[in-house]
Every structure is written in C-alpha cells, then in structure tokens.
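Participant: Here's my sequence, what's the structure:
(one chain, ligands or ions: 1)
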Amino acid sequence: MAKSPEVKLAVFGRAGVGKSESTYRHQANIDDETVSMEILDTAGQEDVLQKEGHMRWGDGFILVYDITDRGSFEDVAPLKGLLDEVKRPKHVPLVLLGNKADLDHARQVATEEGERLAADMACAFYECSACSDQVGTGGGVAEAFHELCREIRRRRAVQGKTRRRSSTTHVKQAINKMLTKISS
Ligand SMILES: Nc1nc2c(ncn2[C@@H]2O[C@H](COP(=O)(O)OP(=O)(O)OP(=O)(O)O)[C@@H](O)[C@H]2O)c(=O)[nH]1
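Facilitator: Presented below is the predicted three-dimensional model:
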C-alpha cells in the first residue's frame, strides 16, 4: 500500500487564542488521499529561539488570532516577519485563522481586517470556532488544515518537476561536453 504523505504543521499565535482546540485531527482524507499530519501546537509564551526552531521544523504554518483580542491579531504580522527571516525561500505555505468566531458580540477584529492581512501575506483566510466546530464534520478549522495540506502538496509537485527538469538539464550539459571533447 502506498505510504500516505506526511506533512509537518506548526500552529502559532498568542497564548489563549485557541491553538490547542484547533489541533484535534492528525490524519485526514483530503481529495481522496490520506494525509498524515504531524501537528505542533506551539506555546503562546515561547521565546524567539524556540519559535525559530519550530519554524525551521515545519512544512506549513497556521497563524491563529482570537477575533475578540486585537493584540493577538497584531502579533500575526511580526510572526510572519520572523517566518520570512527563518524560511528560505520566502512565502512558505501558510493559513491565517481568526478563531472564536462564536463570540461575535465581543469581536475586536473585523472580518475584512483578517481578509486584508491574509491578502498581504498571500495566504488563505478562515474565521472559525475551534470550540463549536464538531469533530468529524469538517468545520472551519479542519478546512483550514486541509487547505494548508493542499498548498504543501501543490508546492511539492512543482518542486518535484523543477528538480526533474534540472537533472535532465545536467545530463544534457554532460553529453554536450563529451561531444565537444570528442569533436575537438
Ligand atoms: N468561545 C470560544 N472559546 C474558545 C475557542 N477556542 C478556544 N477557546 C477557549 O479559549 C481558551 C484558550 O484555549 P487554548 O486552546 O488553551 O489556547 P492556546 O492558544 O493553546 O493557549 P496557550 O497554550 O497558552 O498558547 C480555552 O478556555 C478554550 O476553551 C473558540 O473557538 N470559542
């Protein structure tokens, strides 16, 4: 049986935004393929060195804020900045998640602000409620994880093609060199 692809996902965000609640599923069927996710729920309080280590580890990232906590939203851009410093090339697979959408009466961050930030970071955006998403129904949180896995898969496919193309190029160059030597 084919080994299911594995992706390493790290979830970042200020303490209390609901990261733990967001990390309930470890294996999922995405577009008819079973994907194993190793999900790292980072602690909101970790220092820069720990964050950098976790950023180097991950294939894809979920940046979570709490729609009722503006400060947690303001933490997102610096996190993305750190990701850009740590990961080369830049623009890693990323999803922005506005959690606690069930608490609309206490909202401090408008949906449009989340959409705008996601557009700036060139990533997908979801508002959801980790608490009220029912496990197994594929609510907003699950959809965010799935989209991140799809993005990782798309990029792996492109990287695979690039690698194949470049090795073909190397073979062609070697043959050309040999032919040049023979004819000279
Ligand atoms: N109303 C509501 N509460 C939520 C939601 N998600 C999480 N919570 C609550 O928010 C609190 C913090 O959630 P955690 O998942 O522990 O937060 P965290 O981001 O993992 O926090 P750290 O581990 O300290 O970084 C808990 O009391 C959760 O029950 C949500 O979608 N809606």
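Participant: so how many other residues sit close to Arg153?
Facilitator: Neighbours of Arg153 under the rule other C-beta atoms under 10 Å: 18. Where you see a C-beta, it was placed from the backbone N, CA and C, and this is true even at glycine.
Participant: Now do it against the ligand, distance only.
Facilitator: 27 Å (C-beta to the nearest ligand atom, to the nearest Å).
Participant: Name the helix or strand of this structure that has the lowest mean pLDDT.
Facilitator: helix 140-183 (a mean of 75; mean pLDDT, DSSP states H and E).
Participant: for the closest residue to Cys123 other than its chain neighbours, what are its contacts?
Facilitator: Excluding its sequence neighbours, the residue lying closest to Cys123 (C-beta to C-beta, 6 or more residues apart in numbering) is Leu94, at 4.1 Å. Counting by C-beta atoms under 8 Å, 6 or more residues apart in numbering, Leu94 touches Gly60, Phe61, Ile62, Leu63, Lys80, Leu83, Met121, Cys123, Leu148, Glu151.
Participant: what do you get for Glu115?
Facilitator: So Glu115 contacts Phe125 (C-beta under 8 Å, 6+ apart).
Participant: which SSE is it in?
Facilitator: Per DSSP states H and E, Glu115 falls inside helix 111-120.
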